[in-house]
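In: Show me the folded form of this:
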Amino acid sequence: MEVDSDADSDSGAPSNSQLKPMPATKSVIELREKLHARLNSMRKGRGSDGSGGRDALLQKRRDLRENRRQKTRARVREERDTDAAKAKAKEREAKQKAGGATFNAKVRSTKTPSYSRCN
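Out: Residues are numbered from 1 along each chain as shown. Have a look, this model is predicted:
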């Protein structure tokens with residue numbers, strides 16, 4: 001079996017002239033600083049100024065939720081009041097109709113009924 005030196009270079013394996021040493025390892029402190037710098041640059045890129053943090057965000061959400069609850073309460077109260085007003089108006093109309101019918105019945109009942117058809 002013959003081995004060609006050209007076949008080794010075609011296999012995709014790097015030759016000795018292409019090998020580069022790995023960069024020296026950095027300390028944990030340097031890596032942490034690099035990480036925080038990158039996080040800060042990402043925050044600036046998305047428009048967050050980084051002030052306030054998590055607590056401010058949570059407080060803002062609580063405030064928004066409370067505003068929504070207040071609006072809902074006001075809307076429900078308004079609907080309940082309008083429904084109650086409509087119910088009272090219907091009740092008044094019913095009383096007026098019933099009262100008017102009673103009065104009209106009394107006026108009409110003053111006439112003597114004829115019993116001629118009962119035979």
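In: and the lengthiest helix in the chain, average pLDDT?
Out: With secondary structure taken from DSSP state H, the chain has its longest helix at helix 53-108. When pLDDT is averaged over helix 53-108, the result is 84.
In: before we move on, what about stretch 30-50?
Out: 83.
In: For that stretch, output the C-alpha coordinates as PDB.
Out: Below are the C-alpha coordinates for stretch 30-50, written out as PDB (Å, rounded to 0.1, in the frame of the first residue of the first chain):
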ATOM      1  CA  GLU A  30     -11.100  39.800  33.400                       C
ATOM      2  CA  LEU A  31     -13.800  37.400  31.900                       C
ATOM      3  CA  ARG A  32     -16.400  38.800  34.300                       C
ATOM      4  CA  GLU A  33     -15.500  42.400  33.300                       C
ATOM      5  CA  LYS A  34     -15.800  41.500  29.600                       C
ATOM      6  CA  LEU A  35     -19.200  39.900  30.200                       C
ATOM      7  CA  HIS A  36     -20.600  42.900  32.100                       C
ATOM      8  CA  ALA A  37     -19.300  45.200  29.400                       C
ATOM      9  CA  ARG A  38     -21.100  43.200  26.800                       C
ATOM     10  CA  LEU A  39     -24.300  43.100  28.800                       C
ATOM     11  CA  ASN A  40     -24.200  46.800  29.300                       C
ATOM     12  CA  SER A  41     -23.700  47.400  25.600                       C
ATOM     13  CA  MET A  42     -26.700  45.200  24.900                       C
ATOM     14  CA  ARG A  43     -28.800  47.100  27.400                       C
ATOM     15  CA  LYS A  44     -27.900  50.400  25.700                       C
ATOM     16  CA  GLY A  45     -28.700  48.900  22.300                       C
ATOM     17  CA  ARG A  46     -32.300  48.000  23.400                       C
ATOM     18  CA  GLY A  47     -33.000  51.400  24.900                       C
ATOM     19  CA  SER A  48     -32.700  50.500  28.600                       C
ATOM     20  CA  ASP A  49     -30.800  52.900  30.700                       C
ATOM     21  CA  GLY A  50     -30.200  50.300  33.400                       C
END
